[in-house]
Every structure is written in structure tokens, then in C-alpha cells.
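# Okay, predicted coordinates and the sequence, questions at the end:
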Amino acid sequence: MEYKMVCIDMDGTLLGKGKEISKESKKIIKEIHEKGVEIVVTTGRIYNNAAYYSHLLGVESPVIAANGAIVREKNTNKVIYEKPIETEECIKLVEKLYKMKMHFHFYTLDSIYCSNKLTELGTKLYMTKQIGYDNLKINYYVINNIEKWKDFFRKNHGKITKCIAFSMKPEKILKVKKQLDTFEGIVYYGSGKRSVEINSKGASKGNAVKALANYYGFKREEIMCIGDNENDLSMIEYAGVGVAMGNAIEPVKKLADYITDTNIENGVEKAIKKFFKL
């Protein structure tokens, strides 16, 4: 089979030691991209950070960010697909998070809005410092009042791509998930024991990959997806060939067509070599 598009998750997949892309992965990705294969960074991260890593790979393909809430051309800024969290859902969500005394932040395309200074500091430490590409810098803001949050959501209707809620107590995250089950307009993904990622219902990497496939006119069997975590399940299922990393969670491994090596051992490079017969 001739694969025309490869969608690659970032954390735990493309990123290895020190949250960097290995030379081996960069080389093989550049090689197949120059032959016409679309290389799509497909991540839960904010759009500007995803686009930054796509630039580091040296590819021209669109980017899938915020767990599939946004699919966008890097060079023209054309939005191919978007699924923002509705304003009323954001308001209900922030009321619930305040009531449960959670730390949280919300994404737009280029900015992260945090519930307090501690969340802002933690988020800045997690995000890789972006060198160059000033047009892709990430802005950080703190909103520490529930009424200010509501005003912010109303002024930014259609721009909220994702929310992440945090707690140092795993049992609190479980309680939050139970509460989120009562929301009709959202979906959530586990991202470790101390956080939960929240998107608009219908936002998923799988739906975003499907939208991009339709945009290009690619068939499912012409698409390869590589991932490791819960938010990758939908695209692994949709892909013509779904590849799980060696460090992937068990549900991803069970669903995948193939299990490659870990992110530390260049699993992405090895999978591409295998399926592109390089």
C-alpha cells in the first residue's frame, strides 16, 4: 500500500529524550515528505506549539492541535476543520471546576488562560521554550475570578479549543470525570492520573484526521497514524494502518495494527521505515 499521509502524535511518540525529536526521526520524515507524503503533527497541545514542532521537522503539511479541535494550514492560516467548546459549556465547566477547587487552563489558538499563577508557572515549565518563529509564540494570561472567566468566554465565542484540569490528588480527577459525564456538549481524555483534557463533543484526533483526508481526497487505507495514549485511540482506529508505540497504553496496543519501539528508541523512525520499505 502507498501511504499518502502520516499523522504523528507528539508527547510519548515523536518526542523522545528531553522532549526533543531525534535526528533519525527528522531525517526519515523529511525523506518521505520530499516524496510527497503529508506529515501531520497531531497533538493535544496548543496550535502554536504544534505548528512550531512541525516547522522543526521541515514539513509544509497542516497541523492537528488541541486533540483535533483545530486543523489548520501553517503557511496560509486556512482553517480546514474546527470544533471549539461552546460558550455556555465553557461557563458551566468553569463553574464546576471552581466548585471542585481545581486548577485549570483554557486554550485558544495562540494563548493559554490559567486559573492562577501556579498553573501558569507549571504550564510554562511544561511547554518547550520556542526559539525563533516569533509568529508562533505562546501568550500566557491569568484569570482568577469566575465572573471574569464568564466575560472572557462570551468575548471569545468560538475560539476556545480545549481545557485541562489538574489536581495532585488522583482521586479528585476521578471525581471530576464523573461530573463531566453529566455534560452533554463535551468529551474528555485521560492524560495521566493528575489531569484531564476536555474538548467539545465530537472533537477527536480521529475526526480531525478524517476531515483532513476528505480535504486531500485520501482514502483511509492511504493513511498511517502513530500514537501512544487515550487521545490517540480514535485516529489509530480510523487509520489504514494504526501504529502503537512500544510505550503506549494497553488499549492503544490492542487496537493498533502494529506495535513499534518506544519513543526513546526511535519508534516513529522504525515504523516509517517498515511501512515505507526504506
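Looks like it arrived, so ask away.

# who touches the most centrally placed residue in the chain in this structure?
When C-alpha atoms, centre = their mean is applied to the chain, the residue found nearest the centroid is residue 44 (1.7 Å). Applying C-beta atoms under 8 Å, 6 or more residues apart in numbering, one finds that residue 44 lies in contact with 11, 65, 66, 67, 162, 189, 191, 197, 231. Quick note: C-beta positions are derived from backbone N, CA and C, even for glycine.

# Out of these, which comes closest to residue 241?
Set against residue 241, the nearest of these by C-beta to C-beta is residue 231 (18.8 Å).

# Quick one: neighbours of the nearest residue to the closest one once chain neighbours are set aside, just the number.
For residue 231, ignoring the flanking residues on the chain, the nearest one in space by C-beta to C-beta, 6 or more residues apart in numbering is residue 189 at 4.2 Å. Neighbour count of residue 189, defined by other C-beta atoms under 10 Å: 22.

# again, but for residue 133
Around residue 133 there are 12 residues (other C-beta under 10 Å).

# Spit out the contact partners of it.
51, 52, 55.

# Apply 6 Å and report the result again.
When contacts are counted by C-beta atoms under 6 Å, 6 or more residues apart in numbering, residue 133 touches 52, 55.

# Can you name the element that comes right after the helix or strand of the chain with the lowest mean pLDDT?
In the chain, no helix or strand scores lower on mean pLDDT, DSSP states H and E than helix 117-126, which sits at a mean of 75. Using DSSP states H and E, the helix or strand that follows helix 117-126 in sequence is strand 139-142.

# before we move on, back to that, export the least confident helix or strand of the chain as CSV, just CAs?
As requested, the backbone C-alpha atoms of helix 117-126 are provided in CSV (Å, rounded to 0.1, in the frame of the first residue of the first chain):
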residue,chain,number,x,y,z
LYS,A,117,-0.1,31.9,38.9
LEU,A,118,0.8,28.4,40.0
THR,A,119,-0.9,26.9,37.0
GLU,A,120,0.7,29.5,34.7
LEU,A,121,4.2,28.6,36.0
GLY,A,122,3.6,24.9,35.7
THR,A,123,2.4,25.3,32.1
LYS,A,124,5.3,27.4,31.1
LEU,A,125,7.7,24.8,32.5
TYR,A,126,5.9,22.0,30.6
